[in-house]
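Novice: need coordinates for the following:
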Amino acid sequence: MRYVKIIAAALAALMLFGCGANEKSVTGRRPKPTPTVGQAVESSLFGKSVSYDAFSPAEVISLPQEANEAAEVVQIEKSLYFLYGGSVHRFELETGGFEKLFDTDAGFLADDGENLYTYSAGGESICEYSPAGEMLSQRTLRVEDENTEVRKLIVTDSFFSFVCLDKSGEISVAEHLIYDRETLESAGKISEGESYFDASGYKVFGRYKGDSILKIEESLMDSRFMNICEIDLAGQKTEQLGSIEAGGRGGIGSETAFSYREKTDTLLVFSAPSTRTTPFEDYTPFLCECSLSDPDNVVLKRYYLDAQAIDHAFVSEYENIVSIITLPEPVLNFYDYLNPPESVTLACSTAGSYADIIKNFEKDTGVTVKTVSYGTDWQRLDVKLMAGDRDFDLFEPVYMHQHKYFFSGMFEDLSQYEGLKKRLDGNLAASFVSSLDGKYIGIPTGMQNIGTKEVYPEDGSQWTYSIAISKQLYLARNLDIAEGIYRDPDGSELYKLLRFIYDNPEGNESKMPFGDKINVLSNGFILMNPSGTNKENAVRFLEYMFDVLSGGVEGVVPKDRQYMNLETTDGWYVYWRYFAADYTEPITGAYAAALRSDGKSGTLKQIAREAAAEVKMRLEE
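Specialist: Coordinates of the predicted model:
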């Protein structure tokens, strides 16, 4: 019998064990702490205290090579059950023992948390077994016919749910055929629409709680994400519970498996490139845990494995140990919940903007980045900051309102951290945009010169170069929000701009009133929550982001996202210092008012005076 390798790890670090064909035992560090069997240990997992009847897997694990043919793997307590070769086999996690339990002609294996169930489509029989392999019942149930092909059996509290392929039409349709567990009478049917079964990994289904099952499928809007949905078998309705960012390219070319963990109300999701398609180079296999009840922390942790293409994967858990089996080479991976990984929490508009940096940071450091997405509800972020909430460590200020976080002191001064200060001091562009009153407000998330024709081509539109740059020049020369300075209190300079816009609605480079060139650095930031307590990991993430965006860590982001290389700041402006909607709104309103006016000099001057007076008043408030 050939023995294969086992990868065993605590969630914070990967430690490789090996068992070769010569059956030599190789041992390594067990997950810590190492309790005796049956000892209850409490683990603080993501702010929740969870009590585990903790155990440790055997130090020497052996799986027969024949397990690579497993059609299904399920878990009941400390035992894994494999269906392959016309038999069901049991593997004991704690002792490492492996044995055949019983023979069967069934092609499907499932469990309800207490007992095993097999279904034979050809034999039209559904059987129930005890965890020890004793047959408890055998009943006749016909599900397949010439147009219906069974693909999976899921057992809920009240139903047997068969995931099937309806091949009666020109296009095959995935559907759920539901049968009452007591009477075996049909309890309904739910259609999934066009099938993706044969495309590997596009839709996967599994047991949830009560009479619901879970579905994970590729997002139709963005293939980088996978949607998590609940299918209520009794109510025959589907509801999306959330979504997670996939390991690179979403469901395309991936194998995905999951298991619901009732103790923590979380979902364990594993995804890896598939041998059935050509995998993408940037697809890294990962295991992540998703909260199904906490909207602020959807992805609780993500853990990356060494790259490998697989045929199938199975995820299961019991107490503190999570197991992943990958095929065709049967490999077993352990993860111990008594050692939750270090983490840092980032509140942002959308985590997808930083997915590449987050993924590589997690892989390089073992620190998980939890993401809280506030979307467009930036007031929720403001409330948390003003209340001194400590449930996030870093945050992305709303781009058009960055100034209010800067001027109200809602940031941690990064100059007090030696590593960050050294980095910012050594990069002229980054320090230029990040400096305020001798402090460093945050780490730039990239930067762009928005004073170019690449950004604003001269195309006759409302954003044509000559008009856009004239607006930028007016604001840059006359408004310094950081210093509270407005150099055009009577609106005389604004009148020149309005005159130009009215007379040249499609632009005119030869008549630009303030010159025809400007260099402006525009960028977003990640700031540190001043009330946060997880400073060490927050600094680690900011240092890593800086290193990536300054070119110190290569291959994570394209060069056009990296910081600009400035030799001098002479002739350069910083966008956030002169443009903020709270202060510039009267000016942008004046542009529209001028175009709607009769264009007379007196009218335009009046519009300019009123707008300038409003700007001055807002700065003085």
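
Novice: in the sheet, who's paired with residue 99?
Specialist: Using DSSP bridges, the bridge partners assigned to residue 99 are residue 90.

Novice: tell me which element residue 617 is part of?
Specialist: Residue 617 belongs to helix 601-620 when assigned by DSSP states H and E.

Novice: tell me what that helix is packed against?
Specialist: strand 485-486, helix 492-503, helix 581-596 (3 or more Cβ pairs under 8 Å, 6 or more residues apart in numbering; DSSP states H and E). Where C-beta positions appear, they are placed from N, C-alpha and C, glycine not excepted.

Novice: tell me which of these is the most buried.
Specialist: Of the helices and strands packed on helix 601-620, the one with the most neighbours on average (mean count of other Cβ atoms under 10 Å) is helix 492-503, at a mean of 20.

Novice: for it, the distance to its chain's centre please.
Specialist: 47 Å (Cα atoms, centre = their mean, to the nearest Å).

Novice: C-terminal to that helix, what's the next element?
Specialist: Past helix 492-503, the next helix or strand by DSSP H and E is strand 519-522.

Novice: note down every partner strand of that next one and its orientation.
Specialist: Using DSSP bridges, the strands paired with strand 519-522 are strand 448-449 (antiparallel), strand 572-574 (parallel).

Novice: most tightly packed of the ones you listed?
Specialist: When the strands paired with strand 519-522 are scored by mean count of other Cβ under 10 Å, the highest mean neighbour count falls to strand 572-574 (a mean of 21).

Novice: next secondary structure after that strand?
Specialist: With DSSP H and E, the next secondary element past strand 572-574 is helix 575-578.

Novice: who does that following helix touch, helix- and strand-wise?
Specialist: Partner elements for helix 575-578 (3+ Cβ pairs under 8 Å, 6+ apart): helix 402-407, strand 479-480, strand 519-522.

Novice: could those go into TSV alongside distance to residue 431?
Specialist: Output for these, formatted as TSV (distance: least, Cβ to Cβ, whole Å):
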stretch	distance to residue 431
helix 402-407	15
strand 479-480	18
strand 519-522	11
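
Novice: these: lowest mean pLDDT?
Specialist: If you rank those by mean pLDDT, helix 402-407 sits at the bottom with a mean of 88.

Novice: re the thing from before, which parts of the helix holding residue 617 are buried?
Specialist: 604-605, 607-612, 614-616, 618-619 (16 or more other Cβ atoms under 10 Å).

Novice: coming back round to it: quick one, which of the helices and strands packed on helix 601-620 is nearest to residue 241?
Specialist: helix 581-596 (34.8 Å; Cβ to Cβ).

Novice: and that closest one, what does it pack against?
Specialist: Helix 581-596 packs on helix 402-407, helix 465-478, helix 492-503, helix 601-620, going by 3+ Cβ pairs under 8 Å, 6+ apart.

Novice: now do the last one and helix 581-596, the angle between them.
Specialist: It refers to helix 601-620. 170 degrees (axes from the mean of the first three to the mean of the last three Cα atoms, to 10 degrees).

Novice: on that earlier part again, dump the helices and strands packed on helix 575-578 into a markdown table; add distance to residue 221 and mean neighbour count as well.
Specialist: Putting the helices and strands packed on helix 575-578 into a markdown table (distance: least, Cβ to Cβ, whole Å; neighbours: other Cβ atoms under 10 Å) gives the following:
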| stretch | distance to residue 221 | mean neighbour count |
| --- | --- | --- |
| helix 402-407 | 28 | 19 |
| strand 479-480 | 39 | 20 |
| strand 519-522 | 27 | 21 |
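
Novice: nearest to residue 569, of these?
Specialist: strand 519-522 (8.9 Å).

Novice: could you point out the helix or strand that follows the closest one?
Specialist: Under the assignment DSSP H and E, the closest C-terminal helix or strand after strand 519-522 is strand 525-528.

Novice: what's the closest of the helices and strands packed on helix 581-596 to residue 364?
Specialist: It's helix 402-407; of these, that one is closest to residue 364 (Cβ to Cβ) at 28.5 Å.

Novice: can I get the CA coordinates of the closest one in PDB?
Specialist: Taking Å, rounded to 0.1, in the frame of the first residue of the first chain, the C-alpha atoms of helix 402-407 are listed here in PDB:
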ATOM      1  CA  GLN A 402     -10.700  62.800   2.300                       C
ATOM      2  CA  HIS A 403     -10.100  66.200   3.700                       C
ATOM      3  CA  LYS A 404     -12.600  65.900   6.500                       C
ATOM      4  CA  TYR A 405     -10.700  62.900   8.000                       C
ATOM      5  CA  PHE A 406      -7.400  64.800   7.700                       C
ATOM      6  CA  PHE A 407      -8.600  68.100   9.100                       C
END
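
Novice: and for the helix holding residue 617, what's in contact with it?
Specialist: Identification of contacts with helix 601-620 by Cβ atoms under 8 Å, 6 or more residues apart in numbering yields 479, 481, 484-486, 488-492, 494-495, 498-499, 502, 582-584, 586-587, 589-590, 593-594, 597.

Novice: same check on stretch 452-465?
Specialist: Against stretch 452-465 from outside (Cβ under 8 Å, 6+ apart): 448-450, 466, 468-469, 506-507, 509.

Novice: kindly report the same for stretch 476-483.
Specialist: Against stretch 476-483 from outside (Cβ under 8 Å, 6+ apart): 403, 406-407, 436, 485-488, 493-494, 514, 518, 520, 573, 576-580, 583-584, 615, 619.

Novice: now for this structure, the helix or strand with the poorest mean pLDDT.
Specialist: strand 13-17 (a mean of 26; mean pLDDT, DSSP states H and E).

Novice: circling back to that earlier point, tell me which of the strands paired with strand 519-522 lies nearest to residue 222.
Specialist: Counting by Cβ to Cβ, residue 222 lies closest to strand 448-449 out of the strands paired with strand 519-522; the figure is 23.3 Å.

Novice: got a list of contacts for the closest one?
Specialist: Contacts of strand 448-449 (Cβ under 8 Å, 6+ apart): 455, 519-523, 564.

Novice: give the rounded mean pLDDT of that strand.
Specialist: Here the average pLDDT along strand 448-449 is 94.

Novice: also stretch 272-280?
Specialist: 66.

Novice: shaky segments in this protein?
Specialist: 1-48, 194-202, 223, 246-253, 276-283, 295-308, 339-341, 375-376 (pLDDT under 70).

Novice: and it, what are its domains?
Specialist: Following automatic domain parsing, one finds the domains of the chain at 6-341, 352-446+524-564, 452-517+580-620.

Novice: which stretch of helix or strand covers residue 213?
Specialist: strand 212-218.

Novice: residues touching that strand, excluding its own?
Specialist: 154, 156, 161, 176, 196, 202-208, 225-233, 238, 246, 250-252, 256, 258, 260, 267, 269.

Novice: that older thread, okay, the angle between the helix holding residue 617 and helix 492-503?
Specialist: 130 degrees.

Novice: for residue 147, see how far away residue 189 is.
Specialist: 13 Å (Cβ to Cβ, to the nearest Å).

Novice: likewise for residue 561?
Specialist: 52 Å.

Novice: residues near residue 559, how many?
Specialist: 7 (other Cβ atoms under 10 Å).

Novice: give me the number of residues near the closest residue to it other than its chain neighbours?
Specialist: Nearest residue to residue 559, sequence neighbours excluded (Cβ to Cβ, 6 or more residues apart in numbering): residue 551, at 7.6 Å. Residue 551 is flanked by 13 other residues according to other Cβ under 10 Å.

Novice: my guess is residue 551 contacts residue 562, does it?
Specialist: Yes. The criterion here is Cβ atoms under 8 Å, and residue 551 meets it with residue 562 at 5.2 Å.

Novice: any chance of JSON lines for the helices and strands packed on helix 581-596, columns distance to residue 109?
Specialist: Converted to JSON lines, the helices and strands packed on helix 581-596 look like this (distance: least, Cβ to Cβ, whole Å):
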{"stretch": "helix 402-407", "distance to residue 109": "55"}
{"stretch": "helix 465-478", "distance to residue 109": "64"}
{"stretch": "helix 492-503", "distance to residue 109": "72"}
{"stretch": "helix 601-620", "distance to residue 109": "68"}
